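>>> model the following, please.
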Amino acid sequence: MAERVRRVREARTEPVNEIGAELLQRVARGDEPAFEQLYDLLAGPVFGLVRRIVRDPAQSEEVVQEVMVELWRTAARYSPDRGSATTWAMTLAHRRAVDRVRSAQAAADRDETIGRRDVDRPFDEVAEQVTTRLEQEQVRRCLRTLTDLQRESVLLAYYGGRTYREVGELLDTPLGTIKTRLRDGLIRLRDCLGVA
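The predicted structure follows:
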């Protein structure tokens, strides 16, 4: 019984293989109508194989298109004594589909590695403390370059949390004068600190 089933299958595929071989030989000579016929003959089986490997329908269609273009370009390399046209096309399709899956997996792995690297970056507490201390020392140094009146106004307003009006009342100085001292002091601080 098994032998009979095998013979029936071979009888059904033999004409397809012969037609495919003949079409590939014509395609190798640049025969576009032969390529159309070859496409009609092989696109379905190639898509089925690719779809089982790639899973994504849109990507599967892209791979089938790549396979068919490769068949058009490399038809001259086909040799009927090494296998049927269908087998050759399916081998090309399988390779392309596996390449697509590997490429997609490699891209996903790269994205995951990069994402993990960005998330897992440890906070360098020592470097942060050193930077903060250096900045504080620079601010102290620049505060020493201000006049006594400017420094006192800036310290009360920005480090003491006072309003301009409160600074004026504490120093018994008009509000306009306090604003001028603060503006001039902040300009000198900005220049000293090198802030743009």
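
>>> please enumerate the helices of the chain.
Under the criterion DSSP state H, the chain contains helices at 2-28, 32-54, 57-74, 85-119, 125-143, 148-154, 164-171, 175-193.

>>> and among those helices, the most buried is which?
Among those, the stretch with the highest mean neighbour count (mean count of other C-beta atoms under 10 Å) is helix 148-154, at a mean of 18. (Each C-beta comes from the backbone N, C-alpha and C, glycine too.)

>>> can I get that one in PDB, CA atoms only?
Extracted in PDB, the C-alpha atoms of helix 148-154 (Å, rounded to 0.1, in the frame of the first residue of the first chain):
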ATOM      1  CA  ASP A 148      29.900  92.900  51.000                       C
ATOM      2  CA  LEU A 149      26.500  94.500  50.200                       C
ATOM      3  CA  GLN A 150      26.000  92.300  47.100                       C
ATOM      4  CA  ARG A 151      27.000  89.100  49.000                       C
ATOM      5  CA  GLU A 152      24.800  89.900  52.000                       C
ATOM      6  CA  SER A 153      21.800  90.500  49.700                       C
ATOM      7  CA  VAL A 154      22.300  87.400  47.600                       C
END
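
>>> just the pLDDT for the residue most central in space within the chain.
Centroid check for the chain by C-alpha atoms, centre = their mean gives residue 111 as the closest residue, at 6.7 Å. On the pLDDT scale, residue 111 is placed at 84.

>>> same check on residue 66?
95.

>>> can you check residue 80 too?
pLDDT, residue 80: 86.

>>> what's the closest non-adjacent residue to it?
Counting by C-beta to C-beta, 6 or more residues apart in numbering, residue 80 lies nearest to residue 21, which is 4.6 Å off, once chain neighbours are set aside.

>>> now the one you found: how far from residue 85?
5 Å (C-beta to C-beta, to the nearest Å).

>>> quick one, phi/psi of residue 55?
Note on residue 55: backbone dihedrals following degrees, to the nearest 10 are phi 80, psi -40.

>>> and residue 160, by the same measure?
Main-chain dihedrals, residue 160, degrees, to the nearest 10: phi -90, psi -10.

>>> give me the distance between the residue sitting furthest away from the middle of the chain and residue 188.
Largest separation from the mean C-alpha position in the chain: residue 172, at 62.4 Å (C-alpha atoms, centre = their mean). Note on residue 172: its distance to residue 188, by C-beta to C-beta, is 23 Å.

>>> check residue 114 too.
Relative to residue 188, residue 114 is positioned 45 Å away (C-beta to C-beta).

>>> how about residue 159?
Distance of residue 159 to residue 188, given as C-beta to C-beta: 16 Å.

>>> got it, and residue 177?
In terms of C-beta to C-beta, residue 177 sits 17 Å off from residue 188.
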